[in-house]
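**Student:** next one to model:
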Amino acid sequence: MTSRPEYGYGYGMAAQGRAGIRASDADRDRAGEVLKAAFAEGRLTKDEYDAHLEQVYAARTLGELAAATGQLPGGGLALYPMTPVRQRTNPLAQAALACGVAEFFTFGLPCISAVILGHMARSQIRRTGDAGGTLALTGLVLGWFGVSLWVLFWVAVLGAGLAFGHGHPAIYHGG
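**Tutor:** Just a heads-up that it's a prediction; the model follows:
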C-alpha cells in the first residue's frame, strides 16, 4: 500500500478499490498517451507499443489499464483519477474544544476536562498524525483560562472573607 502526503493515508488502498471500475474512453485515451510518450522516449519498441496499445483499447476496467501501463512512468496507479482521502480528526481534540466552549455556559465546570483532554489529544496527534491540533490547542487554552478564572474567584472570596473580619483574630465576635 502506498501513502502519499498530498492524498493522505490510504492512497494506494483507494486506488486498488477502483481497479474493478469500468474504464471510459477518456481513461483509455490517457493510457494511450502514456504509451505514446513511452514509445517516443525509447522505453518501448514498436512491437511492444502495438501490443500494449491493443491491450489498452481492449481493456474493460481501470485495473486492466493499470496492468497494461504499470511498468511505465505515468502509468499504472497514476492513471486513476485520485480524490483526496480525508484525514481523521482526533476525537479527543473535538471533546477538548467542546469542553472549553461549554465552560462559558456552565460556569467553568468542564474546564479541568478541557485541559486534560487537550493534553491527551495533542499527545495522540503527535503519535498518530491525526488532524485536530488547532482544536486541541484551543480547548487547552480555553480550559486553562477557565481554571485561572476559578483560581481568581476563590482568591477573591478568601480575600474578601479576611478583609471583612471572618476569621481575623483582632475582631471581637461577642460572647
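
**Student:** which helix runs longest in the chain?
**Tutor:** Across the chain, the longest stretch assigned as helix under DSSP state H is helix 133-163.

**Student:** and the helices in the chain, which stretches?
**Tutor:** Assigned by DSSP H, the chain shows helices spanning 11-17, 25-40, 46-58, 62-69, 91-102, 111-128, 133-163.

**Student:** tabulate the ones you listed (JSON lines), appending mean pLDDT.
**Tutor:** Converted to JSON lines, the helices of the chain look like this (pLDDT from 0 to 100):
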{"stretch": "helix 11-17", "mean pLDDT": "46"}
{"stretch": "helix 25-40", "mean pLDDT": "86"}
{"stretch": "helix 46-58", "mean pLDDT": "89"}
{"stretch": "helix 62-69", "mean pLDDT": "82"}
{"stretch": "helix 91-102", "mean pLDDT": "95"}
{"stretch": "helix 111-128", "mean pLDDT": "94"}
{"stretch": "helix 133-163", "mean pLDDT": "91"}
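
**Student:** as JSON lines, those with distance to G75 and mean neighbour count would be great.
**Tutor:** Glycine gets a C-beta too; all of them are placed from N, C-alpha and C. As requested, the helices of the chain are exported to JSON lines (distance: least, C-beta to C-beta, whole Å; neighbours: other C-beta atoms under 10 Å):
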{"stretch": "helix 11-17", "distance to G75": "13", "mean neighbour count": "16"}
{"stretch": "helix 25-40", "distance to G75": "5", "mean neighbour count": "17"}
{"stretch": "helix 46-58", "distance to G75": "9", "mean neighbour count": "15"}
{"stretch": "helix 62-69", "distance to G75": "3", "mean neighbour count": "22"}
{"stretch": "helix 91-102", "distance to G75": "39", "mean neighbour count": "21"}
{"stretch": "helix 111-128", "distance to G75": "33", "mean neighbour count": "19"}
{"stretch": "helix 133-163", "distance to G75": "37", "mean neighbour count": "16"}
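
**Student:** just checking, what packs against the longest helix of the chain?
**Tutor:** helix 91-102, helix 111-128 (3 or more C-beta pairs under 8 Å, 6 or more residues apart in numbering; DSSP states H and E).

**Student:** which one of these lies closest to A51?
**Tutor:** Nearest to A51, of all these, is helix 111-128, at 45.8 Å by C-beta to C-beta.

**Student:** how is the protein divided into domains?
**Tutor:** As assigned by automatic domain parsing, the chain contains the domains 11-79, 91-163.

**Student:** L149 contacts L109, correct?
**Tutor:** No. L149 is not in contact with L109 according to C-beta atoms under 8 Å; the separation is 11.7 Å.

**Student:** ok now stretch 113-124, how far from the chain's centre?
**Tutor:** Stretch 113-124 sits 17 Å away from the centroid of its parent chain (C-alpha atoms, centre = their mean, to the nearest Å).

**Student:** many thanks, have a good one.
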